[in-house]
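Enquirer: let me see the structure of the following:
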Amino acid sequence: MQELLIPIKKCQPVDGQFRLPDVCVLAGIHAADALPLDQLRADLAKLRLGARIKPDAAGATVTLRRDHTITHPDAYRLFVLPAGVEIVAGTDAGAYYGVQTLRDMITVNGRTLPCCRMDDEPDFRRRGIYHDCSRGKVPKVSTVKQLIECLAHWKINELQLYVENVFTFASHPTIGKGFSPFTAEELLDIQAHAKMHHVSFVPSLTSFGHFEKILMLPEYAHLGELPGHRGLAGGTTLCPGDPGSIRLLADMYDDFLPLFDAVDFNACGDEPWELGQGRSKARAKRVGVGRVYLDFILKIRKLCVKHGKRMNMWGDIVLLHPEIIPDIPRDIVLLNWDYSAAGRRIPQSHKFTETGLPLVCCPGTNGWHSHGTRLPTALANCATFAGTALDVGAEGFLNTDWGDCGHRNTLGVSLCSFAHGAAHSWHTKGVDNAAHVMRFAKLVFGDDGTMAEALSVLGDDKSAAWASPALMESLTGPRSLSTGFASSPCRMSACGLSDAELTTHAEKLAALEWPAPTPELGGFFAAALDDYVVAAEMECLAYRHTAMARVIRAGGNLPAPELAQHADEYDACARDFERIWRTRNEPSRLRDNLNGFRNAAREARELAGKA
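Expert: Numbers count the residues shown, from 1 in each chain. Take a look at the predicted model:
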């Protein structure tokens with residue numbers, strides 16, 4: 001069964017086949033079995049097979065039962081025999097995952113299944129996705145629910161949403177205004193849906209660095225470590241020595257954490273860029289930046305303990321100051337992150353586990369500053385990190401998906417990397433990395449090979465981190481055309497491609513073919529196809545924009561019709577971008593991104609008028 005998207009630990013072939021009948025009987029006596037069996041019934045309907053669900057196993061086509069000698073909470077055994085299919089598990093979750101495997105077998109084989117016995121369980125207890133909701137794009141609750149169903153099918157059992165200010169804090173009502181914040185009721189709704197699919201909805205809240213969207217407000221700017229840093233009123237980092245900082249966090253935690261049933265809580269703590277450079281500078285000189293950092297972390301931990309949460313935190317600052325590792329309480333989970341296969345933090349993972357600190361390893365989709373996720377980098381990063389995680393005994397694997405500078409990258413384009421992370425989370429040694437993109441396109445979208453090629457072109461590493469920002473960079477010089485928190489860095493100069501290479505790749509992008517959505521595909525994946533189409537449109541435009549900028553910046557001139565057409569292409573792309581944004585997301589900071597498109601079109605028309 002190596003052709004399945006999520007690999008199986010052990011599969012023993014048995015002679016014979018089982019052909020699903022025209023009307024299947026699906027049996028499970030436990031209430032929790034109704035949901036996965038209903039998913040199976042929907043899949044059978046796509047094959048024009050009928051199905052009915054009943055509690056007793058007599059005459060059943062597919063039977064779910066419990067066996068408490070199966071001790072791993074997510075393990076199951078699946079038997080396909082000439083007389084029918086049986087899934088055995090010790091828990092509701094194990095039975096759910098067994099059904100997901102059966103669903104995939106039907107996708108691959110149709111109604112005639114090869115007989116076999118599967119014995120399956122995951123490599124990691126925690127198998128998660130971390131999705132950014134704080135860089136401008138806040139997904140609708142319906143989108144998050146659909147994402148949960150998709151991830152749970154791939155046996156992901158943890159979802160974290162990155163929250164900086166996008167929550168309606170009752171004690172601090174100005175935080176999040178204008179950013180489409182989640183309400184308490186919405187988070188509870190998401191959590192209830194996640195539970196149904198055996199997904200733990202783990203809270204995540206920025207608590208030290210990346211605090212700029214709160215510190216920019218007049219009533220909180222005084223809490224910044226270095227107000228004015230990066231041109232921001234309060235900078236980006238809380239001052240750890242100001243008593244008001246921990247009081248603010250205490251209020252935020254009181255509003256936020258009681259909503260969540262999960263024991264784990266990600267307090268973040270990464271990238272406090274100004275630490276030791278502003279108000280804590282004198283103390284940092286006396287005791288060291290690492291100690292200043294740890295002292296504030298210990299205060300945060302007390303808040304976590306108060307709420308009965310096990311604190312999780314990013315490990316980047318700890319690895320910069322390894323002298324503090326002995327003093328970190330062993331109930332804090334370190335989240336070690338790095339986003340390339342050669343990342344220097346990956347081989348340092350053992351520094352946590354060897355000292356008794358729980359560890360979760362965190363690769364990334366490379367979707368940020370990208371239209372196509374830099375797919376080879378993402379896949380190599382995930383595979384390398386998963387092997388390290390397995391070697392050092394990490395308790396979990398958390399694939400991160402960020403949205404820096406306005407979150408212009410689309411959700412659909414990240415799905416291929418989500419599936420790859422899910423496969424490694426379950427059975428990393430069983431993943432065929434070279435075949436993943438082809439398998440993803442085939443098993444998720446029913447592709448015959450055309451889409452896999454399109455994914456590879458769109459995700460080509462030659463785009464690096466320059467192509468996406470280039471879309472919002474001025475033709476005349478290094479200046480961002482987008483506004484607010486969607487303002488992009490100027491990286492067009494980092495493009496090392498020749499003029500001919502720019503033209504050739506733009507032509508490839510313009511010629512990409514994507515499958516048409518079908519009713520069987522469902523709304524979530526149909527929207528993903530739209531995401532791919534618009535992502536390719538933006539990427540193609542970025543390449544053309546870069547080629548034109550080279551001419552203009554070198555003192556050359558472009559014909560007025562060419563510039564006018566370029567402006568029209570920006571207008572069309574803006575309309576497409578707004579459509580896909582509104583399909584999945586709240587309005588949030590959409591206008592910041594649209595301003596970039598409009599400013600680019602305006603600039604091109606002004607240049608056309610002068611030509």
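Enquirer: the longest helix in this protein is where?
Expert: For the chain, the helix reaching the highest residue count under DSSP state H is reported as helix 523-553.
Enquirer: buried ones in stretch 430-446, by neighbour count?
Expert: For stretch 430-446, a neighbour-count test (16 or more other C-beta atoms under 10 Å) marks Gly430, Val431, His436, Val437, Met438, Arg439, Phe440, Ala441, Lys442, Leu443, Val444, Phe445 as buried. All C-beta atoms are positioned from the backbone trio N, CA, C, and that covers glycine.
Enquirer: right, and the helix or strand after the longest helix of the chain?
Expert: Under the assignment DSSP states H and E, the closest C-terminal helix or strand after helix 523-553 is helix 560-584.
Enquirer: contacting residues around the helix or strand following that next one?
Expert: Heading C-terminal from helix 560-584, the first helix or strand you meet, by DSSP H and E, is helix 590-610. Counting by C-beta atoms under 8 Å, 6 or more residues apart in numbering, helix 590-610 makes contact with 136, 406, 408, 471-472, 474-476, 480-488, 545, 552, 558, 560-561, 563-564, 566-568, 570-571, 573-574, 577-578, 581-582, all of which sit outside it.
Enquirer: now helix 590-610: average pLDDT?
Expert: Helix 590-610 shows a mean pLDDT of 97 in the predicted model.
Enquirer: which SS state does Leu335 fall under?
Expert: Leu335 falls in the strand class when you classify it by DSSP: H, G, I helix; E, B strand; the rest coil.
Enquirer: hmm, it is touching Cys362, no?
Expert: Yes: counting by C-beta atoms under 8 Å, a contact exists between Leu335 and Cys362, whose distance comes to 5.3 Å.
Enquirer: quick check: neighbours shared by the two?
Expert: Counting by C-beta under 8 Å, 6+ apart, the residues touching both Leu335 and Cys362 are Trp314, Leu398.
Enquirer: if I look at the nearest residue to Asp338 once chain neighbours are set aside, how far off is Thr365?
Expert: Taking C-beta to C-beta, 6 or more residues apart in numbering as the measure, Asp338 lies nearest to Arg345, with 4.2 Å between them; neighbours along the chain are not counted. Note on Arg345: its distance to Thr365, by C-beta to C-beta, to the nearest Å, is 17 Å.
Enquirer: the two - which one has more neighbours?
Expert: More crowded of Arg345 and Thr365, by other C-beta atoms under 10 Å: Thr365, with 31 against 19.
Enquirer: the residue nearest to the more buried one when sequence neighbours are not counted sits in which helix or strand?
Expert: Closest residue to Thr365 apart from its sequence neighbours, by C-beta to C-beta, 6+ apart: Ser417 at 3.8 Å. For Ser417, the element it lies in under DSSP H and E is helix 411-427.
Enquirer: and the angle from that helix to helix 560-584?
Expert: Angle of helix 411-427 versus helix 560-584, following axes from the mean of the first three to the mean of the last three C-alpha atoms, to 10 degrees, is 50 degrees.
Enquirer: centre of the chain to helix 411-427, how far?
Expert: Distance of helix 411-427 from the chain centroid (C-alpha atoms, centre = their mean, to the nearest Å) equals 9 Å.
Enquirer: that one vs helix 523-553, what angle?
Expert: 120 degrees.
Enquirer: model confidence over helix 411-427, on average?
Expert: When pLDDT is averaged over helix 411-427, the result is 98.
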